[in-house]
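Trainee: show me the folded form of this:
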Amino acid sequence: MAYEVISINDSTWRVEDQGVRFFLLAGTEKALLIDSGMSVHNAREIAQSLTDRPLLLLNTHADRDHTGSNGEFSSFYMHPADEPAYRQGGGQGQVLPIRAGDTLDLGDRPLEILELPGHTPGSIAVLDVKGRFLISGDPIQDGNIFMFGPARNMDDYVASLTRLESSMDRFDQVWPSHGSFPVSPALIPQLRDAAKKILAGELPGEKTDFHGRTIVRYDAGCAGFLCDQ
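Mentor: Purely as a prediction, here's the structure:
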């Protein structure tokens, strides 16, 4: 399947994989894949063609478009709240629990974990402390944010973005898994306010078909929210 590797700098890459992207970050000692793609099933091979550092994997959450190459790894980091969904989808390998406040240091490159439950119970973001960017997974983007189906929770989503807003002075860019790359941190309060309007019934939605399932799409201007009826 077609994919594109794009160098951001000499130690950071993004891989565009047909509507979803994942990232490779290298430090002086180790490298970290953040998510493992959707259509590609050789993310390890891709990463090892770019860096010779020992390679780790972290999943921002367990949705299948982020775990396509997990089978290449015997273990990987994931928030434990997303492990049930990962196993239910047939996911294999050892989950290494990771939570808010944990830090992965790749060698002169500390990465701090932030929790963003709502899109999934265990959605996390990764803050590159020195690089001053936040890899956000799905909750922060200007595309369509999936909020329908089991375990999605709009109240938790609002609380996550409210909490994250207090840390916005720590990063200059947000790197989402979908939509435009990069986006401004100013998108965070815009998404939070839009989600509040949906909860309050103040934003009109439109029923639409999604692969045979009827859902409601809310156009918030800054992004779309796909929700249950």
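Trainee: just list the residues touching the closest residue to residue 133 other than its chain neighbours, thanks.
Mentor: Nearest residue to residue 133, sequence neighbours excluded (CB to CB, 6 or more residues apart in numbering): residue 173, at 4.5 Å. (C-beta placed from N, C-alpha, C; glycine too.) Residue 173 makes contacts with 132-134, 182-185, as judged by CB atoms under 8 Å, 6 or more residues apart in numbering.
Trainee: switch the cut-off to 10 Å
Mentor: Counting by CB atoms under 10 Å, 6 or more residues apart in numbering, residue 173 touches 128, 131-135, 181-185.
Trainee: which strand residues bridge the spatially most central residue of the chain?
Mentor: The chain has residue 137 as the residue nearest its centroid, 1.2 Å off, counting by CA atoms, centre = their mean. The partner list for residue 137 in beta bridges (DSSP bridges) reads residue 176.
Trainee: isn't it right up against residue 160?
Mentor: No. Residue 137 sits out of contact with residue 160 when judged by CB atoms under 10 Å, with a separation of 11.0 Å.
Trainee: quick one: buried residues of stretch 97-109?
Mentor: 98, 104, 106, 109 (16 or more other CB atoms under 10 Å).
Trainee: what's the helix or strand for the closest residue to the first one other than its chain neighbours?
Mentor: Nearest non-adjacent residue to residue 98, counting by CB to CB, 6+ apart: residue 77, 4.4 Å away. Using DSSP states H and E, residue 77 falls within strand 75-78.
Trainee: and that strand, what's its mean pLDDT?
Mentor: In this model, strand 75-78 has an average pLDDT of 98.
Trainee: please apply the same query to stretch 216-229.
Mentor: In the prediction, stretch 216-229 has an average pLDDT of 97.
Trainee: hey, which helix is longest across this structure?
Mentor: Taking DSSP state H as the criterion, the chain has its longest helix at helix 187-200.
Trainee: following that one, which helix or strand comes up?
Mentor: Using DSSP H and E, the helix or strand that follows helix 187-200 towards the C-terminus is strand 205-210.
Trainee: how about the secondary structure of residue 85?
Mentor: helix (DSSP: H, G, I helix; E, B strand; the rest coil).
Trainee: residues contacting it?
Mentor: Contacts of residue 85 (CB under 10 Å, 6+ apart): 61-64, 91, 120-122, 150-151.
Trainee: Throw together a PyMOL command that grabs the buried residues out of the residues you listed.
Mentor: To isolate the buried members of the contacts of residue 85 in PyMOL, using 16+ other CB under 10 Å:
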select buried, resi 61+62+63+91+120+121+122+151
